[in-house]
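Participant: Pasting the sequence and the predicted model now:
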Amino acid sequence: MKKFKLGLCQLLVSENKKENIKNAEKMINSAADMGAELVVLPEMFNCPYNNSYFPKYAESYPDGETIKMLSKISKERGIYLIGGSIPEKDDKGNIYNTSFVFDKKGNIIGKHRKIHLFDIDVEGKISFKESDVLSRGDSLTIVDTEYCKIGVAICYDIRFPELFRLMVLKGVKVIIVPAAFNMTTGPAHWELLFRARALDNQVYMASAAPARDENASYISYGNSIITNPWGSIVGKLDEKEGILIKEIDLNRIDEIREQLPILKHLRKDLYQISLQK
Ligand SMILES: O=C(O)CCC(=O)C(=O)O
(Lines give C-alpha, C1' and ligand atoms only; values in the text may rest on other atoms or scores of the structure.)
Protein backbone atom coordinates (compact mmCIF):
# COMPACT_ATOMS: atom_id res chain seq x y z
CA MET A 1 0.00 0.00 0.00
CA LYS A 2 1.52 3.26 -1.11
CA LYS A 3 -0.70 5.77 0.65
CA PHE A 4 -2.01 6.10 4.16
CA LYS A 5 -3.50 8.68 6.49
CA LEU A 6 -1.37 10.01 9.30
CA GLY A 7 -2.98 11.69 12.31
CA LEU A 8 -1.14 13.87 14.83
CA CYS A 9 -2.75 14.59 18.22
CA GLN A 10 -1.61 17.83 19.82
CA LEU A 11 -2.95 17.65 23.35
CA LEU A 12 -2.71 19.76 26.45
CA VAL A 13 -0.77 18.02 29.22
CA SER A 14 -1.82 18.67 32.82
CA GLU A 15 -0.47 17.54 36.18
CA ASN A 16 -3.20 14.92 36.41
CA LYS A 17 -1.87 11.70 34.89
CA LYS A 18 -5.28 10.01 34.68
CA GLU A 19 -6.77 13.04 32.92
CA ASN A 20 -3.84 13.04 30.48
CA ILE A 21 -4.42 9.39 29.66
CA LYS A 22 -8.15 9.99 29.19
CA ASN A 23 -7.53 12.99 26.98
CA ALA A 24 -5.05 11.06 24.86
CA GLU A 25 -7.57 8.23 24.43
CA LYS A 26 -10.26 10.71 23.39
CA MET A 27 -7.99 12.36 20.83
CA ILE A 28 -6.82 9.03 19.41
CA ASN A 29 -10.48 8.10 18.95
CA SER A 30 -11.17 11.40 17.17
CA ALA A 31 -8.14 10.93 14.89
CA ALA A 32 -9.34 7.40 14.05
CA ASP A 33 -12.86 8.76 13.39
CA MET A 34 -11.24 11.22 10.97
CA GLY A 35 -9.68 8.32 9.08
CA ALA A 36 -6.15 8.19 10.50
CA GLU A 37 -4.46 4.82 10.06
CA LEU A 38 -1.32 5.79 11.94
CA VAL A 39 -1.78 8.02 14.99
CA VAL A 40 0.96 9.90 16.83
CA LEU A 41 0.97 11.41 20.33
CA PRO A 42 3.36 14.03 21.78
CA GLU A 43 6.51 13.58 23.84
CA MET A 44 5.69 13.16 27.57
CA PHE A 45 1.95 13.27 26.93
CA ASN A 46 1.02 11.82 30.32
CA CYS A 47 3.37 13.92 32.46
CA PRO A 48 4.45 17.57 32.65
CA TYR A 49 7.81 17.98 30.92
CA ASN A 50 9.83 18.60 34.07
CA ASN A 51 12.47 16.42 35.78
CA SER A 52 10.70 16.61 39.12
CA TYR A 53 7.68 14.74 37.70
CA PHE A 54 9.38 11.94 35.76
CA PRO A 55 10.07 9.48 38.63
CA LYS A 56 6.54 9.77 40.02
CA TYR A 57 4.80 9.36 36.66
CA ALA A 58 7.10 6.60 35.37
CA GLU A 59 5.65 3.20 34.57
CA SER A 60 6.95 -0.18 33.45
CA TYR A 61 6.15 -2.34 30.47
CA PRO A 62 3.74 -4.12 30.15
CA ASP A 63 1.68 -3.26 33.24
CA GLY A 64 1.71 0.53 33.19
CA GLU A 65 -1.73 2.13 32.88
CA THR A 66 -0.72 4.35 29.96
CA ILE A 67 0.86 1.45 28.08
CA LYS A 68 -2.27 -0.68 28.58
CA MET A 69 -4.51 2.10 27.24
CA LEU A 70 -2.31 2.49 24.15
CA SER A 71 -2.40 -1.21 23.39
CA LYS A 72 -6.17 -1.43 23.96
CA ILE A 73 -7.08 1.53 21.77
CA SER A 74 -4.81 0.57 18.88
CA LYS A 75 -6.56 -2.84 18.84
CA GLU A 76 -10.07 -1.42 19.26
CA ARG A 77 -9.58 1.09 16.45
CA GLY A 78 -7.35 -1.05 14.22
CA ILE A 79 -4.68 1.62 13.92
CA TYR A 80 -0.91 1.83 14.19
CA LEU A 81 -0.07 3.97 17.19
CA ILE A 82 3.13 5.80 18.06
CA GLY A 83 2.52 6.51 21.70
CA GLY A 84 4.42 9.80 21.92
CA SER A 85 6.61 9.24 24.91
CA ILE A 86 6.23 8.63 28.63
CA PRO A 87 8.64 8.21 31.53
CA GLU A 88 9.47 4.49 31.63
CA LYS A 89 11.07 2.68 34.55
CA ASP A 90 13.13 -0.49 34.06
CA ASP A 91 13.64 -3.21 36.64
CA LYS A 92 16.85 -1.58 37.88
CA GLY A 93 15.03 1.68 38.58
CA ASN A 94 16.49 3.58 35.60
CA ILE A 95 14.05 6.01 33.99
CA TYR A 96 13.91 6.60 30.25
CA ASN A 97 12.00 8.90 27.92
CA THR A 98 10.33 6.15 25.90
CA SER A 99 8.01 5.85 22.94
CA PHE A 100 5.95 2.65 22.75
CA VAL A 101 4.70 1.65 19.29
CA PHE A 102 1.72 -0.64 18.60
CA ASP A 103 0.32 -2.36 15.53
CA LYS A 104 -3.34 -2.59 14.51
CA LYS A 105 -3.89 -5.58 16.80
CA GLY A 106 -2.52 -3.84 19.89
CA ASN A 107 0.80 -5.71 19.81
CA ILE A 108 3.89 -3.78 20.76
CA ILE A 109 6.18 -3.58 17.72
CA GLY A 110 8.75 -1.08 18.90
CA LYS A 111 10.08 0.81 21.89
CA HIS A 112 12.32 3.83 21.42
CA ARG A 113 14.26 5.13 24.39
CA LYS A 114 15.44 8.68 23.65
CA ILE A 115 19.07 8.39 22.63
CA HIS A 116 20.23 11.99 23.04
CA LEU A 117 19.30 13.58 26.35
CA PHE A 118 18.26 17.24 26.38
CA ASP A 119 21.03 18.86 28.43
CA ILE A 120 21.21 22.46 27.33
CA ASP A 121 21.76 25.92 28.75
CA VAL A 122 20.83 28.80 26.47
CA GLU A 123 21.88 31.86 28.47
CA GLY A 124 19.00 33.83 29.94
CA LYS A 125 16.45 31.69 28.08
CA ILE A 126 16.26 28.02 28.89
CA SER A 127 18.18 25.38 30.83
CA PHE A 128 17.24 21.75 31.04
CA LYS A 129 19.22 18.69 32.13
CA GLU A 130 17.36 15.48 31.43
CA SER A 131 20.43 13.47 32.43
CA ASP A 132 19.90 14.52 36.07
CA VAL A 133 16.98 12.07 36.13
CA LEU A 134 16.84 10.12 32.87
CA SER A 135 19.04 7.44 31.33
CA ARG A 136 19.62 7.32 27.60
CA GLY A 137 18.63 4.64 25.13
CA ASP A 138 21.13 2.79 23.02
CA SER A 139 19.38 1.68 19.86
CA LEU A 140 17.84 2.82 16.63
CA THR A 141 14.12 2.16 16.43
CA ILE A 142 12.65 1.00 13.15
CA VAL A 143 9.27 -0.71 12.91
CA ASP A 144 7.85 -2.66 10.00
CA THR A 145 4.33 -1.73 8.98
CA GLU A 146 2.14 -2.72 6.03
CA TYR A 147 2.91 0.70 4.50
CA CYS A 148 6.68 0.98 4.90
CA LYS A 149 9.45 0.92 7.46
CA ILE A 150 8.95 3.70 9.98
CA GLY A 151 11.69 5.18 12.14
CA VAL A 152 11.06 6.62 15.60
CA ALA A 153 13.14 9.21 17.45
CA ILE A 154 12.30 11.63 20.25
CA CYS A 155 12.60 15.42 20.27
CA TYR A 156 16.28 16.41 20.82
CA ASP A 157 17.26 13.29 18.79
CA ILE A 158 16.24 15.30 15.70
CA ARG A 159 19.36 17.47 16.04
CA PHE A 160 21.61 14.51 15.18
CA PRO A 161 21.46 13.96 11.42
CA GLU A 162 23.60 10.81 11.54
CA LEU A 163 20.79 8.99 13.34
CA PHE A 164 18.31 9.84 10.57
CA ARG A 165 20.69 8.95 7.76
CA LEU A 166 21.35 5.58 9.41
CA MET A 167 17.62 4.85 9.56
CA VAL A 168 17.18 5.88 5.93
CA LEU A 169 20.07 3.66 4.84
CA LYS A 170 18.13 0.82 6.48
CA GLY A 171 15.10 1.54 4.29
CA VAL A 172 12.99 3.85 6.44
CA LYS A 173 10.55 6.06 4.48
CA VAL A 174 8.73 7.88 7.27
CA ILE A 175 10.26 9.12 10.53
CA ILE A 176 8.12 10.08 13.50
CA VAL A 177 9.60 12.29 16.21
CA PRO A 178 7.28 12.97 19.16
CA ALA A 179 8.62 16.21 20.60
CA ALA A 180 8.11 19.17 22.92
CA PHE A 181 10.19 22.11 21.73
CA ASN A 182 10.03 25.32 23.77
CA MET A 183 9.49 29.03 23.16
CA THR A 184 13.21 29.67 22.57
CA THR A 185 14.30 26.85 20.27
CA GLY A 186 10.84 26.26 18.75
CA PRO A 187 10.51 29.50 16.78
CA ALA A 188 14.20 29.34 15.80
CA HIS A 189 14.70 25.71 14.83
CA TRP A 190 11.52 23.61 14.72
CA GLU A 191 10.46 23.96 11.09
CA LEU A 192 14.02 24.15 9.90
CA LEU A 193 14.93 20.82 11.53
CA PHE A 194 11.87 18.99 10.22
CA ARG A 195 12.29 20.38 6.72
CA ALA A 196 16.03 19.70 6.69
CA ARG A 197 15.83 16.09 7.90
CA ALA A 198 13.07 15.41 5.35
CA LEU A 199 15.00 17.05 2.52
CA ASP A 200 18.39 15.50 3.37
CA ASN A 201 16.93 12.04 3.45
CA GLN A 202 14.02 12.35 1.02
CA VAL A 203 11.54 11.00 3.55
CA TYR A 204 8.41 12.14 5.33
CA MET A 205 8.99 13.50 8.81
CA ALA A 206 6.30 14.16 11.40
CA SER A 207 5.92 15.22 14.99
CA ALA A 208 3.14 15.64 17.51
CA ALA A 209 3.87 18.10 20.31
CA PRO A 210 1.97 19.06 23.46
CA ALA A 211 -0.35 22.07 23.08
CA ARG A 212 0.97 25.28 24.64
CA ASP A 213 0.22 26.00 28.29
CA GLU A 214 1.53 29.45 29.21
CA ASN A 215 1.33 28.54 32.91
CA ALA A 216 3.45 25.40 32.71
CA SER A 217 7.03 25.37 34.02
CA TYR A 218 8.13 24.30 30.51
CA ILE A 219 6.12 26.01 27.79
CA SER A 220 5.67 23.83 24.72
CA TYR A 221 5.92 25.46 21.30
CA GLY A 222 3.18 23.19 19.85
CA ASN A 223 3.14 23.45 16.03
CA SER A 224 2.85 19.71 15.36
CA ILE A 225 4.12 19.25 11.83
CA ILE A 226 4.46 17.02 8.78
CA THR A 227 7.17 17.63 6.17
CA ASN A 228 7.62 15.79 2.87
CA PRO A 229 10.59 14.41 0.89
CA TRP A 230 10.78 17.67 -1.10
CA GLY A 231 11.41 19.52 2.16
CA SER A 232 8.03 21.26 2.19
CA ILE A 233 5.52 21.49 5.00
CA VAL A 234 2.49 19.29 4.32
CA GLY A 235 0.57 20.52 7.34
CA LYS A 236 1.09 22.20 10.68
CA LEU A 237 -1.02 23.05 13.73
CA ASP A 238 -0.83 26.25 15.77
CA GLU A 239 -0.28 26.29 19.54
CA LYS A 240 -3.71 25.05 20.61
CA GLU A 241 -5.06 21.53 21.09
CA GLY A 242 -5.92 19.97 17.76
CA ILE A 243 -5.64 17.09 15.35
CA LEU A 244 -3.85 17.15 12.01
CA ILE A 245 -4.72 14.49 9.43
CA LYS A 246 -2.79 14.27 6.16
CA GLU A 247 -2.25 11.69 3.48
CA ILE A 248 1.25 10.27 3.21
CA ASP A 249 2.01 9.34 -0.40
CA LEU A 250 4.99 7.02 -0.54
CA ASN A 251 5.04 7.32 -4.36
CA ARG A 252 6.34 10.87 -3.89
CA ILE A 253 9.44 9.46 -2.24
CA ASP A 254 10.20 7.22 -5.23
CA GLU A 255 9.52 10.06 -7.69
CA ILE A 256 11.74 12.55 -5.92
CA ARG A 257 14.53 10.02 -5.41
CA GLU A 258 14.38 9.20 -9.10
CA GLN A 259 14.57 12.84 -10.16
CA LEU A 260 17.11 13.97 -7.57
CA PRO A 261 19.06 10.81 -6.75
CA ILE A 262 21.10 12.10 -3.82
CA LEU A 263 21.04 8.80 -1.96
CA LYS A 264 22.52 7.11 -5.03
CA HIS A 265 25.16 9.82 -5.25
CA LEU A 266 26.57 9.21 -1.78
CA ARG A 267 30.35 8.79 -2.03
CA LYS A 268 30.56 5.66 0.09
CA ASP A 269 34.09 5.15 -1.22
CA LEU A 270 35.00 8.46 0.44
CA TYR A 271 32.89 8.55 3.62
CA GLN A 272 30.57 6.24 5.56
CA ILE A 273 28.61 6.30 8.78
CA SER A 274 27.98 3.16 10.77
CA LEU A 275 26.26 1.93 13.88
CA GLN A 276 28.73 1.10 16.63
CA LYS A 277 26.47 -1.01 18.87
O1 LIG B 1 16.16 20.49 20.84
C2 LIG B 1 15.38 21.32 21.32
O3 LIG B 1 15.46 22.51 21.11
C4 LIG B 1 14.26 20.88 22.21
C5 LIG B 1 14.47 19.49 22.70
C6 LIG B 1 13.55 19.08 23.76
O7 LIG B 1 12.74 19.84 24.24
C8 LIG B 1 13.55 17.70 24.20
O9 LIG B 1 14.43 16.93 23.79
O10 LIG B 1 12.65 17.32 24.95
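Facilitator: Structure received.
Participant: which stretches of the stretch 101-250 of the chain form helices?
Facilitator: Here the stretch 101-250 of the chain has its helices, by DSSP state H, counting those that start in this stretch, at 161-169, 185-201, 250-259.
Participant: Out of these, which gets nearest to residue 32?
Facilitator: Closest approach to residue 32 among those is made by helix 250-259 (20.9 Å; CB to CB). In short, each C-beta sits where N, CA and C put it, glycine included.
Participant: The residue nearest to residue 7 when sequence neighbours are not counted: what's it in contact with?
Facilitator: Excluding its sequence neighbours, the residue lying closest to residue 7 (CB to CB, 6 or more residues apart in numbering) is residue 36, at 2.7 Å. Contacts for residue 36 (CB atoms under 8 Å, 6 or more residues apart in numbering) come out as 5, 6, 7, 79, 245.
Participant: Am I right that the third one is in a strand?
Facilitator: Spelled out, it's residue 7. Yes - assigned with DSSP: H, G, I helix; E, B strand; the rest coil, residue 7 falls within a strand.
Participant: correct me, but it touches residue 243?
Facilitator: Yes - between residue 7 and residue 243 a contact is recorded at 6.1 Å, counting by CB atoms under 8 Å.
Participant: Just the pLDDT at the residue nearest to residue 7, thanks.
Facilitator: Looking at residue 36, its pLDDT reads 98.
Participant: average pLDDT across stretch 192-209?
Facilitator: The model assigns stretch 192-209 a mean pLDDT of 98.
Participant: Counting neighbours, which bits of it end up buried?
Facilitator: For stretch 192-209, the neighbour count (16 or more other CB atoms under 10 Å) marks 193-209 as buried.
Participant: Return the residues in contact with residue 112.
Facilitator: By CB under 8 Å, 6+ apart, the residues touching residue 112 are 85, 98, 99, 101, 137, 141, 152, 153, 154.
Participant: got it, and residue 45?
Facilitator: Listed by CB under 8 Å, 6+ apart, the contact partners of residue 45 are 11, 13, 20, 24, 83, 84, 85, 86, 178, 210.
Participant: Would you point out the most distant pair within the contacts of residue 112?
Facilitator: Farthest pair in those (CB to CB) is 101 and 137. Separation: 13.4 Å.
Participant: about what we covered before: who's more crowded, residue 7 and residue 243?
Facilitator: residue 7 (25 against 20; other CB atoms under 10 Å).
Participant: For that one, give me its contacts.
Facilitator: For residue 7, the contact set (CB under 8 Å, 6+ apart) comprises 31, 32, 34, 35, 36, 38, 39, 40, 243, 244, 245.
Participant: could you dump those residues to JSON lines with distance to the ligand and secondary structure?
Facilitator: Below are the contacts of residue 7 laid out as JSON lines (distance: CB to the nearest ligand atom, whole Å; DSSP: H, G, I helix; E, B strand; the rest coil):
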{"residue": "31", "distance to the ligand": "23", "secondary structure": "helix"}
{"residue": "32", "distance to the ligand": "27", "secondary structure": "helix"}
{"residue": "34", "distance to the ligand": "27", "secondary structure": "coil"}
{"residue": "35", "distance to the ligand": "30", "secondary structure": "coil"}
{"residue": "36", "distance to the ligand": "24", "secondary structure": "coil"}
{"residue": "38", "distance to the ligand": "22", "secondary structure": "strand"}
{"residue": "39", "distance to the ligand": "20", "secondary structure": "strand"}
{"residue": "40", "distance to the ligand": "16", "secondary structure": "strand"}
{"residue": "243", "distance to the ligand": "22", "secondary structure": "strand"}
{"residue": "244", "distance to the ligand": "20", "secondary structure": "strand"}
{"residue": "245", "distance to the ligand": "25", "secondary structure": "strand"}
